[in-house]
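K.L.:
Have a look; sequence and predicted model below, questions after that.
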Amino acid sequence: MTSQVTRIVLPPEYRPTDDEPFMNELQREYFRQKLLRWREELLNESSETVQHMQEESLQQPDLTDRASMETDRALELRTRDRERKLISKIDAALRRIDDDTYGYCEETGEPIGVKRLEARPIATLSVDAQERHERMERTHRED
């Protein structure tokens with residue numbers, strides 16, 4: 001038995017607002033598409049990096065050029081590692097959309113808010129909960 005997921009078609013000009021019910025079908029689909037596009041961009045960039053690194057040779061005769069290239073490569077790999085972690089967070093957000101927990105604070109269960117999700121679609125905490133979390137981190141870091 002296969003489950004069928006019905007996707008709604010978003011009007012091209014649609015943007016979620018605070019004036020509509022929070023995490024209604026349109027909002028969920030809007031954020032699903034936003035996350036999928038973001039994920040696709042990251043995967044494309046990663047693929048381009050791999051291709052570029054395969055084409056590039058470390059056989060530079062000049063020691064300075066080789067050191068510069070190795071530094072650039074290390075920076076690129078760190079960037080890709082951050083993006084890999086970001087893709088994992090995007091995947092988690094997509095799962096939350098599927099199980100109807102997306103857009104709600106993991107700590108309080110309260111809505112995170114459309115504006116925060118627009119700015120950070122992978123957010124799992126409301127602004128208040130995030131601020132509390134950051135204060136706790138600073139406090140424990142100073143100990």
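P.N.:
Looks like it arrived, so ask away. Numbering: from 1, shown residues only.

K.L.:
Work out the gap between the helix or strand harbouring Glu70 and the centre of the chain.
P.N.:
For Glu70, the element it lies in under DSSP states H and E is helix 63-98. When distances are taken as CA atoms, centre = their mean, to the nearest Å, helix 63-98 is centred 12 Å away from the chain's centroid.

K.L.:
Go through that helix and flag the buried ones.
P.N.:
Applying a neighbour-count criterion of 16 or more other CB atoms under 10 Å, the buried positions in helix 63-98 are Met69, Arg80, Glu83, Lys89, Ile90, Ala93, Leu94, Arg96, Ile97. Glycine gets a C-beta too; all of them are placed from N, C-alpha and C.

K.L.:
Now distance to Ile8 and pLDDT too, for these, in TSV please.
P.N.:
As requested, these are exported to TSV (distance: CB to CB, whole Å; pLDDT from 0 to 100):
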residue	distance to Ile8	pLDDT
Met69	48	78
Arg80	34	83
Glu83	29	91
Lys89	24	97
Ile90	21	98
Ala93	18	98
Leu94	16	98
Arg96	18	98
Ile97	13	97
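
K.L.:
Out of the residues you listed, flag the one nearest to Arg116.
P.N.:
Proximity of those to Arg116 (CB to CB) peaks at Ala93, which lies at 12.8 Å.

K.L.:
Assign the residue nearest to that closest one when sequence neighbours are not counted to helix, strand or coil.
P.N.:
In this structure, Ala93 finds its nearest non-sequential neighbour in Ile122, 4.9 Å apart by CB to CB, 6 or more residues apart in numbering. For Ile122, the secondary structure call by DSSP: H, G, I helix; E, B strand; the rest coil comes out as coil.

K.L.:
Which neighbouring elements make contact with the lowest-mean-pLDDT helix or strand in the chain?
P.N.:
When the helices and strands of the chain are scored by mean pLDDT, DSSP states H and E, helix 25-55 comes last with a mean of 86. Helices and strands touching helix 25-55, as assessed by 3 or more CB pairs under 8 Å, 6 or more residues apart in numbering; DSSP states H and E, comprise helix 63-98.
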